[in-house]
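Enquirer: need a 3D model of the sequence below.
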Amino acid sequence: MEVTWQEIPEPGAYVEQGSGDLYRVPKEALLQGASPLIRKESSGSSVLLQVSKNPFITTLEARMICAEHNVVPNF
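Expert: Sure, this is the predicted structure:
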């Protein structure tokens, strides 16, 4: 699933397509009305790929999923 920062629908582990950075988004980060736990400012738009619905997936497993989808991990 490809999403932007504003469209993250559920907790999980997401990889930024351009940089290969891994972001772990716990359910607490998505609470409506709460202060955002994750904030990124950029002049360009980011496309995030969900590699797992589990934000605490192991790094090795996340890297393997990236490799299966031709995404170069940077973690």
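
Enquirer: which SS state does the spatially most central residue of the chain fall under?
Expert: Central residue of the chain (CA atoms, centre = their mean): Tyr14, 1.9 Å from the mean position. Counting by DSSP: H, G, I helix; E, B strand; the rest coil, the backbone at Tyr14 sits in strand.

Enquirer: check contacts around Val25.
Expert: Ile8, Pro11, Gly12, Ala13, Tyr14, Ile38, Pro55 (CB atoms under 8 Å, 6 or more residues apart in numbering). (Each C-beta comes from the backbone N, C-alpha and C, glycine too.)

Enquirer: what about this protein, any weak spots by pLDDT?
Expert: 34-37, 39 (pLDDT under 70).

Enquirer: quick one: the helices in this structure?
Expert: 59-68 (DSSP state H).

Enquirer: in the protein, which spans are strands?
Expert: Using DSSP state E, the strands of the chain run over 2-3, 12-16, 22-25, 48-52.

Enquirer: just give me how far the last one sits from the chain centre.
Expert: So the one you mean is strand 48-52. 5 Å (CA atoms, centre = their mean, to the nearest Å).

Enquirer: strand partners of it, parallel vs antiparallel please.
Expert: If you go by DSSP bridges, strand 48-52 pairs up with strand 2-3 (antiparallel), strand 12-16 (antiparallel).

Enquirer: report the angle between that strand and helix 59-68.
Expert: Between the axes of strand 48-52 and helix 59-68, defined by axes from the mean of the first three to the mean of the last three CA atoms, to 10 degrees, the angle is 120 degrees.

Enquirer: could I have strand 48-52 exported to CSV, CA atoms only?
Expert: Taking Å, rounded to 0.1, in the frame of the first residue of the first chain, the C-alpha atoms of strand 48-52 are listed here in CSV:
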residue,chain,number,x,y,z
LEU,A,48,5.4,5.7,2.1
LEU,A,49,5.1,2.0,1.5
GLN,A,50,3.6,-0.1,4.3
VAL,A,51,5.8,-3.1,4.8
SER,A,52,3.9,-4.4,7.8
